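Trainee: Just to be clear, the model below is a prediction. Sequence and coordinates:
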Amino acid sequence: MDPAPAPPPPFAVRLVTGGGSSPELALLLRSLSAARVVALDAEWKPRRRGSPAAAGTGGGSSPASAPAPAPPQFPTVTLLQVACRGGDGGEDERERCEVFVVDLLAVPLADLWAPLRELFERPGVLKLGFRFKQDLVYLSATFAAALGGDAGFDRVEPFLDVTNIYYYLKGHDRQKKLPKETKSLATICEELLSVSLSKELQCSDWSYRPLSEGQIQYAASDAYYLLDIFDLFLQKITTEGKCSSTMELNSDRHCSSTVIECSSSGYDICSGGYSMSIVTKYSEKILLAESDTKPRSSRRKEKPKLATNVKCKDKVDCSTEWQGPPPWDPSIGGDGYPKFLCDVMIEGLAKHLRCVGIDAAILSSKKPEPRELLNQTYKEGRILLTRDVKLLKYQYLASNQVYRVKSLLKHDQLAEVIDMFQLKISEDQLMSRCTKCNGSFIQKPLTLEEAVEASKGFQVIPSCLFNRNLEFWKCTDCNQLYWEGTQYHNAVQKFLSVCNISD
Ligand SMILES: [Zn+2]
């Protein structure tokens, strides 16, 4: 027997699909205007571009099987989840919670834009999210694409990130650096609330309609449980009884020291027994720079100008830890592993990564402009690995797609990347990729005869290999041949230890 199904979530979900005068939309807008705390989350269709795992998963028709290279685009957000707490007054308003799943493919975005924008900026409403900046970038792009360039969103404040709440609740000493690992929302919910969120649906197709009941519940949970976590936070700050400035939620990870602002006037909005000024004391804001709101274009002339926002300057030194999605978020692409782009300073690391089977590209140009690096990173859904601190100033990428390698030696660099991205390398991944060009090998090994044939005029196979019954592999991209020689075995030994593979 299968285990008993999880109990139904403790909240009712309203699916909003109508526009104009539909009752669900009216209710949503009423709840938004009365809310004191709003938890937000968004879903979009997972992008699988360039991922071998993508092939054959589309059950239906996929009309554009061979698309022309299109300029890079942000994914279209197809679902917005909103959990509202707080009513128009009264003692029990804290109890009131309404959860909406808004189908952005059905509701006219024109009906939503102004209320959302107002909500995002309304000082008296705390917005909660889990690494919401990326959601905001995509949401903004989705609205701008539908309604015109000005119809994006550029800020959310006051905002509180659940990752920060988590570390606060865990009693993290703010003098110390936050731990390296990035917790997923599912992990945080499990640790704090003993609730397990289904991970299966996370990368389901959020653009497919009708949505399944499971999808609706899953999507709603992602917003709803943020409120529960927020309640724990409230309890804690209430029992600690005060809001001294030394208790400020700070976060190296988000470099919030530069953006955290205490409520300037100290206004109080008493809402169900807690004071909004306490909450805003811990909050921060999300500001999108102009560069954040435009997809990087691969076409030069379209001024893919990556803003060097002065405000981000302070961020440079502290953005050394990984701030992007957890390893490895399948909605970003890749087949369970991140794909990297190494800048020229760390080409040796690229080769090492390939040796352990990880996709690690380098640019062909020896002196690439930062823009080329960033464009390729974005276009191919890669993570840029660099030692160049200057690249971290590109704010959007800095929080999502750039990691600054700290080690100097390539062995240490490999160990650092494996550790930081929690890459689980198995033995059969070793030597499974062409170290020369990052290509993959043909599936079946070649016999000696086939290898000799394939190497003609291209590569010399030493005659000492001829009667050793070896297998050969050919790179599908550059045709380089590889075989299990002494070097191979030495390298395997070396990487077994770097990757912590015990046999
Ligand atoms: Zn190759």
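Mentor: All right, it came through fine.

Trainee: where does the nearest residue to A106 once chain neighbours are set aside fall, phi/psi-wise?
Mentor: Of all residues not flanking A106 in the chain, T17 sits nearest, at 4.1 Å (CB to CB, 6 or more residues apart in numbering). Every residue, glycine included, has its C-beta placed from N, CA and C. Phi and psi for T17, reported as degrees, to the nearest 10, are phi -130, psi -10.

Trainee: What of S21?
Mentor: Residue torsions, per degrees, to the nearest 10, at S21 are phi -100, psi 20.

Trainee: quick one on the thing from earlier: what about the residue nearest to A106, how many neighbours?
Mentor: 18 (other CB atoms under 10 Å).

Trainee: Could you check how far it is from A219?
Mentor: Counting by CB to CB, to the nearest Å, the gap from T17 to A219 is 13 Å.

Trainee: again with T163
Mentor: From T163 to A219 the distance is 20 Å (CB to CB).

Trainee: Check F441 too.
Mentor: 40 Å.

Trainee: Name the residue in the two with the higher neighbour count.
Mentor: A count of neighbours by other CB under 10 Å puts A219 above the other of F441 and A219, at 26 against 20.

Trainee: what is the rounded mean pLDDT of the host helix or strand of the more buried one?
Mentor: Per DSSP states H and E, A219 falls inside helix 213-240. Regarding helix 213-240, the rounded mean pLDDT is 89.

Trainee: which of the residues in that helix are buried?
Mentor: 215-231, 233-234, 237 (16 or more other CB atoms under 10 Å).

Trainee: and that helix, what does it pack onto?
Mentor: strand 13-16, strand 37-44, strand 77-85, strand 97-103, strand 126-129, helix 162-169, helix 185-193, helix 276-282 (3 or more CB pairs under 8 Å, 6 or more residues apart in numbering; DSSP states H and E).

Trainee: What segments of the stretch 351-500 of the chain are strands?
Mentor: Under the criterion DSSP state E, counting those that start in this stretch, the stretch 351-500 of the chain carries strands at the ranges 360-362, 383-386, 402-404, 472-474, 481-483.

Trainee: Can you give me the distance of the residue nearest to A106 to the ion?
Mentor: 50 Å (CB to the ion, to the nearest Å).

Trainee: how about low-confidence regions in the stretch 351-500 of the chain?
Mentor: Residues of the stretch 351-500 of the chain that meet the criterion pLDDT under 70 lie in 394-400.

Trainee: What parts of the stretch 301-450 of the chain come near the ion?
Mentor: Within the stretch 301-450 of the chain, the positions adjacent to the ion are C434, K436, C437, G439 by CB under 5 Å from the ion.

Trainee: Against C478, how distant is the second one?
Mentor: This means K436. 6 Å.

Trainee: residues shared between the contacts of the two?
Mentor: Counting by CB atoms under 8 Å, 6 or more residues apart in numbering, K436 and C478 have no common neighbour.

Trainee: nearest spatial neighbour of V107, skipping sequence neighbours?
Mentor: V107 sits nearest to G19 (CB to CB, 6+ apart), 5.2 Å away.

Trainee: Which parts of this protein are helices?
Mentor: 23-34, 109-121, 132-147, 162-169, 185-193, 213-240, 276-282, 347-355, 370-379, 395-400, 410-420, 448-455, 486-498 (DSSP state H).

Trainee: Tell me which of these approaches V13 most closely.
Mentor: Proximity to V13 (CB to CB) singles out helix 213-240 among those, at 4.2 Å.

Trainee: so the closest one versus strand 37-44, what angle?
Mentor: Going by axes from the mean of the first three to the mean of the last three CA atoms, to 10 degrees, helix 213-240 is angled at 150 degrees with respect to strand 37-44.
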